[in-house]
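> Next come a sequence and a model predicted from it.
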Amino acid sequence: MRAPQSRAPAFLSTAALLAGLAGLAVAAEVRAAPAPAADATAGTLSVAAPAAGPGDDVGASCRTLVQGSVVTAHCQNPYPRTDRVRLHVECDRWWDVDTDSAPVEVGPADYAQVTARCWKEVRSAWITHEPAARGS
């Protein structure tokens, strides 16, 4: 007759392994998910122009619109200098490719529209500004 074997060591080692793997997955998600500046599911994200001091005449006024998986940025430049704007889109799914648009020049009193998309949900979208070189 065999002595009954305890299954407690096998159960404890399996539970410890699963708890460790769950901890790694949670830690990876927390590090990979930066806090978005605005709620992307609300439909519209507003992005302000960069802070300008007295006498500065740069920075197009932009707003972004999220419709499903498509993000559109509408920029208008009320200033006498050209502004380069770029649309940056961060997708919600880990396998979905985030996008950064090519710089688009928005001339004085001009308007530009930039569009990007994700395959699935959009996590966040924002605009960056860069003054164009003199003479542009």
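Okay, I see it. Residues are numbered from 1 along each chain as shown.
> now the helices: where do they sit in this structure?
Secondary structure of the chain (DSSP state H): helices at 8-32.
> Point out where it drops to low pLDDT.
Flagging of the chain using pLDDT under 70 yields the residue ranges 1-58, 134-136.
> Residue 77: what's it in contact with?
Applying C-beta atoms under 8 Å, 6 or more residues apart in numbering, we find residue 77 in contact with 59-61, 83, 106-111. C-betas here are computed from N, CA, C, even on glycine.
> Of these, grab the buried ones for ChimeraX.
In ChimeraX, a selection of the buried entries from these looks like this (16 or more other C-beta atoms under 10 Å):
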select :59,60,61,83,106,107
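> Tally up the residues packed near residue 114, please.
Residues lying near residue 114 (other C-beta atoms under 10 Å) number 20.
> ok, residue 125 to residue 117 distance?
From residue 125 across to residue 117, the span is 10 Å (C-beta to C-beta, to the nearest Å).
> give me the number of residues near residue 93?
So residue 93, with other C-beta under 10 Å, has 11 neighbours.
> Quick one: end-to-end length of stretch 104-122, please.
22 Å (C-alpha to C-alpha, to the nearest Å).
> hang on, I meant stretch 61-80
13 Å.
> Next, the buried residues of it.
61-62, 64, 66, 69, 71-73, 75, 77, 79.
> need the strands for this protein, in chain order.
For the chain, the strands defined by DSSP state E cover 44-47, 61-67, 70-77, 83-91, 99-100, 104-106, 110-117, 122-131.
> more crowded one of residue 125 and residue 117?
residue 125 (25 against 16).
> Kindly state the beta-bridge partners for the nearest residue to that one once chain neighbours are set aside.
Nearest non-adjacent residue to residue 125, counting by C-beta to C-beta, 6 or more residues apart in numbering: residue 71, 4.5 Å away. Here residue 71 sits in beta bridges with residue 66, residue 116, as judged by DSSP bridges.
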